[in-house]
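In: Predicted coordinates and the sequence they were generated for:
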Amino acid sequence: MSLILLVVIVCLQLVIYIDICLSVDNTLRVLNGGVKISKLGIGTRAWGDKNYWNYDPSEDKNLQEAYNHCLQKGGVNLFDTADIYGQGKSELLLGRLKRGFNDAKPVIASKFSPVPWRRGSDPVVAACRSTLDRLGVDTLGLYQIHWPAPLANEGYWDGLAQCYERGWIRSVGVSNYGPNQLRTAHKYLTDRGVPFATNQIQYSLLSRTAEFSKVIETAEELGVTTIVYSPLGQGLLTGKYSLRNRPSGPRGALSATILPRAGALLKATKGLAEAKTESLGFPVTMSQVAINWCISKGTVPIVGARNVEQATDICNALKWSLTTEEVIMLETISREFRVGLTNPRQGYDLPRPPKIKTPTLQSILRRNQSQSTNENESSSTSSSSS
């Protein structure tokens, strides 16, 4: 009897082990340098930023709950910040949240801002040390140059290399780099023996400049992971806003130029969310559709979360995937946004996007329903035969 019990226990442990391994394979990807990150991350630009994102210290309890949920239940371990966010307050706040929940080990990525008065490698090294102090950590998973400077970028890359050589960072990356800049930086740093891991860019259904300018294609060729910020189009892809209900602050003016052109895209996104909710049996939102589209393009989206409800919604995007036809439909409808939301610091050219025949949302739903009917009929036939 004891032998049978022992066999059962061993089998259960094996099942649990296999389940864990499959879970890791499904939710993590390995950066150059060996850092393992989730397929999506949390962006902390709004944390501590009063001017653009209307941050208030009273939010800190909500932020702690959101942070805990991502690590404990959501399958998300990547948190992205920068020394310029809230003038360092984002890093301070993230460090405080980390100390408030010691049960998990997040991967923290930060960025050095190459403003004109910071020239050469010394400011990079000094800034990295200050970032580590604000976060209260000994090592960063990823340290990035926030945008390309007009001149003398080699000094910044040398600073990254020095930080790596001192053991302060496990991998390096850049942000807002175009194809040629990415190739040059990649060669410089890999020749120094530094693991070049990422290029972080703006990319979403409302901002596809990076795709058509071959930034993503170049990163794939070099084995560099593309991290994307603003995958929700600064909130405009969530369905929360309209011309009559625009976001406050600078985003209000931005939405006035984007929303009038986004009607068909928002309608299709909403339709897919409703169809997925019905077929999957749990709430699928427009935000999840937009996030899933970015993941389907091989990128790692970072999304802002300011409370546990938003964190839960974001993390639920990892529970399902868009079909190939749904991806094509969305990207075809959004084709005009190759020059939608833009960042002037991005080094992109703007070739014409390719022409793709657009399947409609109705045709996709009809096809999915037809496939489901055929599968049911086939199952019924098999049952009758047996």
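Out: Thanks, I have the structure now. Numbering: from 1, shown residues only.

In: what separates the nearest residue to Asp49 once chain neighbours are set aside from Arg45, distance-wise?
Out: In this structure, Asp49 finds its nearest non-sequential neighbour in Gly86, 4.5 Å apart by C-beta to C-beta, 6 or more residues apart in numbering. Where C-beta positions appear, they are placed from N, C-alpha and C, glycine not excepted. Applying C-beta to C-beta, to the nearest Å, the value for Gly86 to Arg45 is 8 Å.

In: now Glu221
Out: For Glu221 relative to Arg45 (C-beta to C-beta), the value is 29 Å.

In: now Gly141: how far from Gly88?
Out: 19 Å.

In: and the two? which has more neighbours close in?
Out: Between Gly141 and Gly88, Gly141 has the larger neighbour count (other C-beta atoms under 10 Å), namely 24 against 18.

In: For the more buried one, list the residues it contacts.
Out: Going by C-beta atoms under 8 Å, 6 or more residues apart in numbering, Gly141 touches 35, 37, 78, 107-109, 169-171.

In: Turn those residues into CSV, columns for neighbour count.
Out: What follows is the contacts of Gly141, written out as CSV (neighbours: other C-beta atoms under 10 Å):
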residue, neighbour count
Val35, 23
Ile37, 27
Leu78, 26
Val107, 21
Ile108, 24
Ala109, 30
Ile169, 29
Arg170, 19
Ser171, 25
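
In: Just put these in JSON lines and tack on distance to Leu232, pLDDT and secondary structure.
Out: Formatted as JSON lines, the contacts of Gly141 follow (distance: C-beta to C-beta, whole Å; pLDDT from 0 to 100; DSSP: H, G, I helix; E, B strand; the rest coil):
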{"residue": "Val35", "distance to Leu232": "25", "pLDDT": "97", "secondary structure": "coil"}
{"residue": "Ile37", "distance to Leu232": "19", "pLDDT": "98", "secondary structure": "strand"}
{"residue": "Leu78", "distance to Leu232": "16", "pLDDT": "98", "secondary structure": "strand"}
{"residue": "Val107", "distance to Leu232": "21", "pLDDT": "98", "secondary structure": "strand"}
{"residue": "Ile108", "distance to Leu232": "22", "pLDDT": "98", "secondary structure": "strand"}
{"residue": "Ala109", "distance to Leu232": "19", "pLDDT": "98", "secondary structure": "strand"}
{"residue": "Ile169", "distance to Leu232": "28", "pLDDT": "98", "secondary structure": "strand"}
{"residue": "Arg170", "distance to Leu232": "28", "pLDDT": "98", "secondary structure": "coil"}
{"residue": "Ser171", "distance to Leu232": "26", "pLDDT": "98", "secondary structure": "coil"}
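
In: For Gly281, grab the count of nearby residues.
Out: So Gly281, with other C-beta under 10 Å, has 8 neighbours.

In: Centre of the chain to stretch 321-329, how far?
Out: 18 Å (C-alpha atoms, centre = their mean, to the nearest Å).

In: same thing with stretch 235-247?
Out: Computed by C-alpha atoms, centre = their mean, the chain-centroid distance of stretch 235-247 equals 21 Å.

In: Can you tell me what sits against it?
Out: Against stretch 235-247 from outside (C-beta under 8 Å, 6+ apart): 204-206, 231-232, 234, 251-252, 255-256, 258-260, 262, 266, 269-270, 273, 285-287, 290.

In: Identify each buried residue in that stretch, please.
Out: 235-239, 241, 246-247 (16 or more other C-beta atoms under 10 Å).

In: Endpoints of that stretch, how far apart?
Out: End-to-end distance for stretch 235-247: 8 Å, by C-alpha to C-alpha, to the nearest Å.

In: Stretch 81-88 too?
Out: Using C-alpha to C-alpha, the end-to-end distance of stretch 81-88 comes out at 9 Å.

In: Let me know the average pLDDT across that stretch.
Out: Mean pLDDT, stretch 81-88: 94.

In: any weak-confidence spans in this structure?
Out: Residues of the chain that meet the criterion pLDDT under 70 lie in 1-27, 338-386.

In: does the spatially most central residue of the chain count as helix, strand or coil?
Out: Ranked by distance to the mean C-alpha position of the chain (C-alpha atoms, centre = their mean), the top residue is Pro301 at 1.4 Å. Per DSSP: H, G, I helix; E, B strand; the rest coil, the secondary structure class of Pro301 is strand.

In: Enumerate every residue touching it.
Out: Pro301 makes contact with 40-41, 203, 227-229, 231, 291, 294-295, according to C-beta under 8 Å, 6+ apart.

In: quick one: contacts for the nearest residue to it once chain neighbours are set aside?
Out: In space, and not counting its chain neighbours, Pro301 is closest to Pro231: 3.7 Å by C-beta to C-beta, 6+ apart. By C-beta under 8 Å, 6+ apart, the contact set of Pro231 is 203-204, 237, 290-291, 294, 301-303.

In: If we use 6 Å, what do you get?
Out: By C-beta atoms under 6 Å, 6 or more residues apart in numbering, the contact list for Pro231 reads 204, 290-291, 294, 301, 303.

In: Farthest pair within the residues you listed?
Out: Greatest spacing in those, by C-beta to C-beta: Ser204 and Val303 (10.3 Å).

In: which residue ranges form the strands in this structure?
Out: Taking DSSP state E, the strands of the chain run over residues 28-30, 36-38, 41-43, 78-80, 107-112, 142-145, 172-175, 196-202, 225-229, 300-304.

In: can you list these in CSV and add distance to Glu154?
Out: Output for these, formatted as CSV (distance: least, C-beta to C-beta, whole Å):
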stretch, distance to Glu154
strand 28-30, 28
strand 36-38, 27
strand 41-43, 28
strand 78-80, 25
strand 107-112, 14
strand 142-145, 11
strand 172-175, 13
strand 196-202, 14
strand 225-229, 23
strand 300-304, 27
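
In: If the residue nearest to the centre of the chain is in a bridge, with which residues?
Out: Taking DSSP bridges, one finds Val228 as the beta-bridge partners of Pro301.

In: give me the number of residues near Ile314?
Out: Neighbours of Ile314 (other C-beta under 10 Å): 28.

In: Alright, I will stop here.
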